Every structure is written in structure tokens, then in C-alpha cells.
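[1] Please find the sequence and the predicted model below.
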Amino acid sequence: MKFKALLPAILAIAACTTNPAGKNVPVYLDLSRSVEERVADALPRLTTEEKVALTHAQSKFSSRGVPRLGIPEVWCTDGPHGIRPEVLWDEWDQAGWTNDSCTAFPALSCLAATWDKEMSLLFGRSIGEEARYRKKDILLGPGVNICRTPLNGRNFEYMGEDPYLAGQMVVPYVKGVQENGVAACVKHFAVNNQEVRRTATSSNLDDRTLYEIYLPAFEAAVREGNAWAIMGSYNLYNGQFNCHNKRLLLDILKGEWGFDGVVVSDWGGCRDDDEAILNGLDMEFGTWTNGLTGAASDGYSNYHLANPYLQRIADGRVGTKELDDKAARVLRTIFRTSMASEPHFGSFNSPEHYAAARRIAAAGTVLLQNNGILPLNVPDGGKLVVIGENAVKKMVVGGGSSSLKTNYEITPLEALQEAFPAADVVWERGYVGDTSTSYNKVDTGQDLTDSRSAAKLLSDAIAAIEGADAVIFIGGLNKSGGQDNEGTDRADIILPYGQDAVIEALAEAVPSLIVVNISGSPVAMPWADKVGAIVQGWYGGSETGHALADVLTGAVNPSGRLPFTLPKALADGPLKTERQYPGIQEEGQEWWQEYYDEGVFVGYRWYDKQQIPVQFPFGHGLSYTEFEYGNAGLSGKAIGCAGSFSPGQGEEEVLKVTVKVSNTGSIDGAEVAQLYVCPPEGDVERPVKELRGFDKLQLAAGESGTATFSLPRRAFARFDADAHKWVVDPGQWRIEIGSSSADLRTSATVEIR
Ligand code: BGC
């Protein structure tokens, strides 16, 4: 036999390793070897066809693996709030399994509102266990797009308006998921801040805005959280689709940040053969082959990274360098997940997961206003009147790809009835909003139809409050089209379905009306001065009702803080022109164009700059107890860190700040101490203040603790687009610490030289 014919066998033997049982196994199957050794061993064993098969879908949520070598398929699942029910191989409808009802965790806007990294780790670990149990390798979440406009239909899936908050909260989530041998897929990269024309709009912005506002949360997920996957977004950035945007994927993500995981396309977000090959996309998933429309069913071999790719390699238009990189990344993902050296089995629907969901949902609930009516006190034999659709509407189903099928969902009304078994807890609807109950054929089984007129609904509600010890209105948004929902934005921030008028009428009859707003994005509250208490609730998942009742009854002392500003009106915000939002059509341009003219001034950065009063500021949230702050203590009065540094640097601590916080009330509670830095005046206009630290302290009644903040050089930096560097300006910087962005309790000055 010729040597050449023997070569593959010789190479295979050379690539074998002896495992502890004394048997020879190929290196890629040897769990004692490092992931990189296994990738290096596996890659050359693959044919070109097998490598290409790794890079594109074979079904709605899976790709093929390499069956010949025992390398398994890769399975993805939505999404950030729970494990999506199984769908059919090539359809979005659920497959009808009877064992795929998951624990529904709270929406990410609620997680962000906990301002608690421990809650984020608990969330990540719990959902990671559910994903692993369901044999999913990539969890399509979390999402960290900045709340640029309150109208964005997907704000509920994201972590608020501040890049630092989102960046701090995403890291533990990613780590917790990945502890289970499941890749977190951080989405949607990047500048994907609206749903209107999401597949046809170019977000155009300068580098300063990009680096200071829209990238940091992704950067934290990659560089601190070591995320194994990232999802390109549907929109374009500066004229190129983001699933194959060279600047975002090759220069920044894989270049500056050194990302070694897989870039996954959003479903149907890949739009061009050559760009898909050359610009850093690794795995193409989708609906059809042409964006989100067109082509035959089961058309996976027509995907950009399927036959068109093979054809280009065959006729020499592209080489295999990119293919090897993509295949190596997919193999790395497999060796990190389904073929990880440490086996993980996960768990599903465990009591611990439901307990975690309840804890997180309660910790994120924000007490916005309280005249003392809360916590609720309803005597035995007393009467509690609950009004509003969101007291009964189940909202785990709906919202788009994050819609879930859950074992159970406790509504607020059910939980309040449970909390006050000896009282008469009465419900009236007050208004009819949305009667839909299903998404992709998962149905809540509720019948929400109601034929009463608006006037009758209101008069029935007013009649019900007769003799009540307390009245709670529970309304807000829902997860249907035009509300908090993928694919659509809202038209305004006023409450839909005439709820403002209902609240006003109720407030006239009951001055101590308690209003609970359930939403995933900011709403206007023009009646705020006329009601007794206001609570911001969220889509809390399976345990949503229990969590809300925990806070209303005082079983849990509220400690959530707003992750975004609640403005008084939409018009107060930074987006003034169609150019800014929702985009315009320009001559000669194929796609809609949108310009981030407001620059870095989004959220509180805008309201601060313009000195526009808001309803409730970023970071705001009350407690049933009181906290007092001591004086800020700085590790130095002057630091020598002025100057510039390259992206990816500046992590070294330059200042430590501490402050004593005391619980001066009579019940236990938690305070979120927030640190903002205020730059000196300079040539470049900067936000008045920016969040650079927060510390959530659990303090028993009468107890004191110390909030500690570690500030790296980057905390003081602005991005200089021309120099492509971070710059720290010298001068007197103020450090402000307090209970919200508008309730600052202590400040100190540091000189930067
Ligand atoms: C969404 C993604 C989601 C994917 C798969 C897309 O339409 O934008 O967030 O993960 O579908 O369901």
C-alpha cells in the first residue's frame, strides 16, 4: 500500500490520545484536553461540505453538527425570559409537546430594575439550568439594547437606558447561564433601538455615541462575561446590515474585544452572500433566505452560508480561510456546551426556579410614590377592590419571540385573594384593552371577551368601590401588537384603552387610590399627583402575581429602582425629528436612514442637560423604611490618570469611594446606593452626570453598612472619535452618591491631573 493511502490512518493514530481507561481516543473526543486542543484536532478532519454545514441552519432552531464524527447538532432556543416551547422543524407553530412548559422568569426590564448583580446571577443560573435540561446549547439572550426611545416595542426585553447599568447587570446573567454548559447569545448587536422597519433602517451615528452609549453593555458581556455567542441585529449600521457588518463584527467585536465565540445571525437577518462570508458572521439562522420573506420552505440549502458558499469556494471566488475560522468557532461552541468536559444535566420547572422567579420579580418591583397607604392593610372581613385588566390578564404568552408556555401563571388578582383569605377581594375590569390570549398557537385558555360599553365598565367599577378598605388599579401595557411587543413600536407613551380617564375617575372617588402600572417600558402618569401610591410592576413571569402581592402587602420591602426615566410626555424626550426617529427615506438610498443626532444625550443624560422635569427620574424607587447617608470617603483627593488610552484598556482602578448607609426605619430593607461622576467644564460637552457605580445593601432595621465603589480609569473617560481613543480630562470632578439620579445625598471632589 502506498504511503499516501495510509496517511489518513497514520494521522488519525497520531491525533489519538490515551484516556484514563487506557483506550486511544481522538483528541477532539478527549474530555481531558483543552477546548483549543480539541478544536485544532477536529477542524482538519472535516470536509469543506461538513464545515459549511456547521455554519447554517438545518431547521428553525438547529444546525447540523458533523454526524460522521459524532459531533452533535447545535440547538438554540429563545430567549431571555425562559425556554421557548418546541416549534415544528420548519414552522414557527409550537410542536405540541406536553413536556415543554417552562418556568417563566421576569422580563429583563424587571431584572435591570433590581439593580442587584446577585439577582442577575440567580436568573442566569436558573434559566441556564432550564436550557441545559431541554438540551439547548445556545440561549438566545440576554438583550442589552439601550432604551433610546420609550416607544421601542422590545424595551421589555432589554436592561434600560444606561450603558453602565446594563453592562453590570448582563455580566452575571451570562456567567450564570454558561456555568451550565449553555452559551449565552447576547443580542441584538448593535444600535437596534426600535422595531419600526427594523429590517430596513440604517442607524447612523458618530463613534463617540457608539462607544459611549451603545457598545459598553455588549463589551462588558464579551470582555467581562466571556459570552460565547452574540447575535447580529436586523438593522443596518452606517449603511451595512449588522449580521455581516464589517466594522461591528470584525473590527470591534472580534478585533478590539477579542471575541472568540460565534456570531449568530438574527433569524432571517443575513442578506448578502459575500458579506456573510467575509464580514464575520459564523452561523446563519432564519426564516427564509431573503431576509424575512420569500423562498421555499425547507430552503436551508439555499441559505447564504449554504450552497451559495460552496459554489463560491468551488469556483474560486472565495478561499477557505474564513470558513476555517467559522467552523473553528462553531466547534469551540460545541466543545464548550454539548461536548463540554464537565457534564451538565440541568433541571426544569424546579421549585427553586419558581422561587427564583418570584424573588427576582419582587426585587425589581418599584415603589414610585406612597402617601402611607402601602403596605396594604385589609382587616379580616374587610373589602379590597381590584380594578383593571392587568389584574387578570396572563402575559407570559405574547410579545414575540420571547413568548413562553409555562406550567402556571399566578395573576395579581389570584395572589391578592391568597394574601387576604379572610377579606372580600372583589375585581372589576374598568376598561377593556386587549382580549387576545395566544401566540404561535400557545393559548392561555382565558376568555377575556367583555361586551360592556366603556361607560358601563367604569360605572360598574365605581359602584364596586363602595365600602372598600383599599382600592388598587392594576393596568398598564400588555404584550400585544403596538404595546410591549416585538415587531411594532408604540405610538405614544400615554396609557392605552382610555386608562387615564378611568384612573382619574377612580381617584376622584378614592383619594388614596393605589395604581400599579405593569409595563416593560416608560408610560406617562399625568394623574400622579391625584393618587395615593404608584407601583411600577413588570412582566413578572410565572410568579408575577405573587411577587406583586409580596410588595403590596409588605411581605417584601420594595427595593427596585427605575432602569429608565419616566418622562411626563413623549415630547419632552430627545427624539424630536423624523430623521432621529423613526427614520426617513433619502433619495438614492435603498434603506430608511435614521440619525442619532441627540448623540450621547439619551435618557437622564438628556433630561439633565435640558433641565426638563420628569415624572420619576432614572434610579428612583422608594422603600417602606428610610435610609440615611454618611459622607463620601475617597481613597485620594487627587489622581494622576488624565490622558488617553486605546479601546480595550483603562480597566485599572484609580479611585475607591465608600459611603456609610444606615437603615433608620423600623423594618428591614434594601437600599441601592448610586454613584454618578460629574465632569468639569471643558471644550467637549458632556453629560451633567453619569452612573459609574451602584451597590445594593440589605440592611436590617437600625443597621448600617458601607457601600463601596471601585472606579476604573474608564469611569472618567469620554471617547475621542478622531483619535479613536478614550480620553480622561483633567480638572475638578464631582462624585455624587445618592438614592436616585435626582436624589443625591453626598458629594466629594477629586482632582484629576
Ligand atoms: C428575534 C430574535 C429571536 C429570533 C428567534 C427574531 O425575530 O429578533 O430576538 O431570538 O427571532 O426567535
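    Structure's in. What do you need? Numbering: from 1, shown residues only.
[2] and stretch 429-436, which residues are buried?
    429-434, 436 (16 or more other C-beta atoms under 10 Å). To be clear about C-beta, it is placed using only N, CA and C from the backbone, and glycine gets the same treatment.
[3] what mean pLDDT does that stretch have?
    For stretch 429-436, mean pLDDT is 97.
[4] ditto for stretch 685-705
    Mean predicted lDDT for stretch 685-705 stands at 98.
[5] Stretch 414-424 now?
    98.
[6] what's the first-to-last distance across it?
    Start-to-end span of stretch 414-424 (C-alpha to C-alpha, to the nearest Å) is 12 Å.
[7] Compute the distance between the closest residue in space to Glu219 that isn't next to it in sequence and Asp251, please.
    Of all residues not flanking Glu219 in the chain, Trp257 sits nearest, at 6.0 Å (C-beta to C-beta, 6 or more residues apart in numbering). To Asp251, Trp257 is 10 Å away according to C-beta to C-beta, to the nearest Å.
[8] Neighbour count for these two, which is higher?
    Trp257 (17 against 13; other C-beta atoms under 10 Å).
[9] Tell me which residues touch the residue in the stretch 601-750 of the chain that the ligand sits nearest to, please.
    Of all residues in the stretch 601-750 of the chain, the one sitting closest to the ligand is Val602 (21.6 Å; C-beta to the nearest ligand atom). By C-beta atoms under 8 Å, 6 or more residues apart in numbering, the residues touching Val602 are 146-148, 161, 213, 574.
[10] Can you add secondary structure and give the residues you listed back as a markdown table?
    A markdown table is the format used below for these (DSSP: H, G, I helix; E, B strand; the rest coil):
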| residue | secondary structure |
| --- | --- |
| Ile146 | coil |
| Cys147 | coil |
| Arg148 | coil |
| Glu161 | coil |
| Ile213 | helix |
| Pro574 | coil |
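[11] possible to save these as JSON lines with pLDDT?
    Formatted as JSON lines, these follow (pLDDT from 0 to 100):
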{"residue": "Ile146", "pLDDT": "98"}
{"residue": "Cys147", "pLDDT": "98"}
{"residue": "Arg148", "pLDDT": "98"}
{"residue": "Glu161", "pLDDT": "98"}
{"residue": "Ile213", "pLDDT": "98"}
{"residue": "Pro574", "pLDDT": "98"}
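[12] What is the nearest of the residues you listed to Arg490?
    Cys147 (12.5 Å; C-beta to C-beta).
[13] Report the contact partners of the residue lying closest to the closest one once chain neighbours are set aside.
    Once flanking residues are discounted, Cys147 sits nearest to Glu161: 4.2 Å by C-beta to C-beta, 6+ apart. Residues in contact with Glu161 (C-beta under 8 Å, 6+ apart) are 146-148, 563-565, 602-604, 618.
[14] One more pass at 10 Å, please.
    112, 146-150, 155, 213, 522, 562-565, 602-606, 618, 691 (C-beta atoms under 10 Å, 6 or more residues apart in numbering).
[15] Same check on Thr337?
    Thr337 touches 72, 74-75, 131-132, 136-138, 178, 180-183, 228-229, 344, counting by C-beta under 10 Å, 6+ apart.
[16] run the last query once more with 7 Å
    Residues in contact with Thr337 (C-beta atoms under 7 Å, 6 or more residues apart in numbering) are 137, 181-183.
[17] Next: Ile360.
    Contacts for Ile360 (C-beta under 7 Å, 6+ apart) come out as 105-106, 110-111, 114, 119, 122-123.
[18] what helix or strand is it on?
    Assigned by DSSP states H and E, Ile360 belongs to helix 351-364.
[19] what number of residues lie near the residue of the stretch 151-300 of the chain found nearest the ligand?
    Going by C-beta to the nearest ligand atom, the ligand is nearest to Trp267 of the stretch 151-300 of the chain, at 3.8 Å. The local packing of Trp267 (other C-beta under 10 Å) involves 22 other residues.
[20] Now, the buried residues of stretch 429-436 that are in helices?
    With helices defined by DSSP state H, no entry of these lies inside them.
[21] Determine how far stretch 395-407 lies from the middle of the whole chain.
    Relative to its chain's centre, stretch 395-407 lies at 15 Å (C-alpha atoms, centre = their mean, to the nearest Å).
[22] Straight-line length of that stretch, end to end?
    End to end - C-alpha to C-alpha - stretch 395-407 spans 13 Å.
[23] Over to stretch 540-557?
    17 Å.
[24] what about that stretch, distance to the chain center?
    Worked out by C-alpha atoms, centre = their mean, stretch 540-557 lies 21 Å from the chain centre.
[25] and that stretch, what's its mean pLDDT?
    In the prediction, stretch 540-557 has an average pLDDT of 98.
[26] try stretch 112-124
    Taken as a whole, stretch 112-124 has a mean pLDDT of 98.
[27] Could the C-alpha coordinates of that stretch be exported in PDB?
    Taking C-alpha atoms only, stretch 112-124 is exported to PDB below (Å, rounded to 0.1, in the frame of the first residue of the first chain):
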ATOM      1  CA  ALA A 112     -32.500  45.500  35.400                       C
ATOM      2  CA  ALA A 113     -34.800  47.200  38.000                       C
ATOM      3  CA  THR A 114     -33.400  45.000  40.800                       C
ATOM      4  CA  TRP A 115     -30.100  46.800  40.400                       C
ATOM      5  CA  ASP A 116     -28.800  43.700  42.000                       C
ATOM      6  CA  LYS A 117     -26.000  41.600  40.400                       C
ATOM      7  CA  GLU A 118     -26.900  38.600  42.700                       C
ATOM      8  CA  MET A 119     -30.300  38.600  41.200                       C
ATOM      9  CA  SER A 120     -28.800  38.600  37.700                       C
ATOM     10  CA  LEU A 121     -26.600  35.600  38.600                       C
ATOM     11  CA  LEU A 122     -29.500  33.700  40.100                       C
ATOM     12  CA  PHE A 123     -31.500  34.500  36.900                       C
ATOM     13  CA  GLY A 124     -28.700  33.300  34.600                       C
END
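[28] Now it: buried residues?
    Buried residues in stretch 112-124, defined by neighbour count with 16+ other C-beta under 10 Å: 112-117, 119-124.
[29] and of the residues you listed, the nearest to Tyr497?
    When these are compared for distance to Tyr497 (C-beta to C-beta), Ala113 wins out at 24.1 Å.
[30] The closest one and Tyr158: what is the separation?
    According to C-beta to C-beta, Ala113 stands 12 Å off from Tyr158.
[31] Kindly report the same for Arg745.
    Per C-beta to C-beta, Arg745 is found 29 Å from Tyr158.
[32] Please say which of the two ends up with more neighbours.
    Tyr158 (30 against 19).
[33] quick revisit: looking at the buried residues of stretch 429-436, spot the one nearest the ligand.
    Closest to the ligand, out of all of the buried residues of stretch 429-436 and judged by C-beta to the nearest ligand atom, is Ser436, at 19.0 Å.
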